[in-house]
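*Asks:* missing the sequence, but the structure's below:
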């Protein structure tokens, strides 16, 4: 186990202004240093507290503020008084409710790639609107849109996913987000002959993108 003392001092906000992520390990005296980087994800005025989001999935906390505060209290032992929980960030609950409804429509064992790609396109639009949660939620949605659009042979949606993913990676300047983008960019290029053939994807192509672990 590793304890990063500075990161451990950061308080929670459902609408954080920073995030932290692992960097590529650096070897030091025969050991790999596990470094964590703290990075702003929005403009932070002088004097404003730096905060991160403690939970990984906004959907699990529901779309009702009172329920979210209760779950945060149960999991972390404090009463959340962030701007969202105090009602100072409007529109978040409606967006989360729409996201929950869309995720319920996703097929756990998909075969209709076009339908799934359409659902993920709407999920991406809503997720990018959110001011709550972590950046990883946005990149997971973009990743899923890229994959399902590729398997659906939908050039427009693939371009949408990769363009927005590239822009978000550039905006956040997160090593992990940028690395994941490059991995999927290479993966899509590898399977471009199959994509351009417009033939239905076969098992080897589906397995390559690890669809079964998306949810």
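*Replies:* Okay, I see it. Because the structure is predicted, anything quoted here is derived from the model rather than measured.

*Asks:* what distance separates the start and the end of stretch 22-35?
*Replies:* 6 Å (Cα to Cα, to the nearest Å).

*Asks:* Tell me which stretches of the chain form strands.
*Replies:* In the chain, the segments counted as strands under DSSP state E are 11-12, 18-22, 26-28, 31-33, 36-40, 51-52.

*Asks:* neighbouring contacts of the fifth one?
*Replies:* Residues from elsewhere that reach strand 36-40, judged by Cβ atoms under 8 Å, 6 or more residues apart in numbering: 4, 6-7, 10, 17-23, 50, 52, 172-175. From N, CA and C alone the C-beta is placed, and that goes for glycine too.

*Asks:* tell me the angle that strand makes with strand 18-22.
*Replies:* 150 degrees (axes from the mean of the first three to the mean of the last three Cα atoms, to 10 degrees).

*Asks:* Among the strands of the chain, which comes closest to residue 139?
*Replies:* Proximity of the strands of the chain to residue 139 was assessed by Cβ to Cβ; the nearest stretch is strand 18-22, lying at 10.8 Å.

*Asks:* Could you tell me how many residues sit around residue 179?
*Replies:* The number of residues packed near residue 179 is 12, by other Cβ atoms under 10 Å.

*Asks:* contacting residues for it?
*Replies:* Per Cβ under 8 Å, 6+ apart, neighbours of residue 179: none.

*Asks:* what about it, distance to residue 152?
*Replies:* Applying Cβ to Cβ, to the nearest Å, the value for residue 179 to residue 152 is 25 Å.

*Asks:* From the contacts of strand 36-40, list just the buried residues.
*Replies:* 10, 17, 18, 19, 20, 21, 52, 172, 174, 175 (16 or more other Cβ atoms under 10 Å).

*Asks:* What pLDDT is listed against the residue at minimal distance from the centre of the chain?
*Replies:* Among the residues of the chain, the one closest to the centroid is residue 137, at 2.0 Å (Cα atoms, centre = their mean). Per-residue pLDDT puts residue 137 at 92.

*Asks:* Distance to residue 148 and pLDDT for the buried ones among the contacts of strand 36-40 - can I get that in TSV?
*Replies:* TSV is the format used below for the buried ones among the contacts of strand 36-40 (distance: Cβ to Cβ, whole Å; pLDDT from 0 to 100):
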residue	distance to residue 148	pLDDT
10	34	93
17	31	93
18	31	93
19	26	90
20	29	85
21	25	77
52	30	93
172	23	84
174	23	79
175	26	78
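
*Asks:* possible to save these as a markdown table with distance to residue 109?
*Replies:* Below are those laid out as a markdown table (distance: Cβ to Cβ, whole Å):
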| residue | distance to residue 109 |
| --- | --- |
| 10 | 39 |
| 17 | 39 |
| 18 | 38 |
| 19 | 32 |
| 20 | 35 |
| 21 | 31 |
| 52 | 35 |
| 172 | 32 |
| 174 | 32 |
| 175 | 33 |
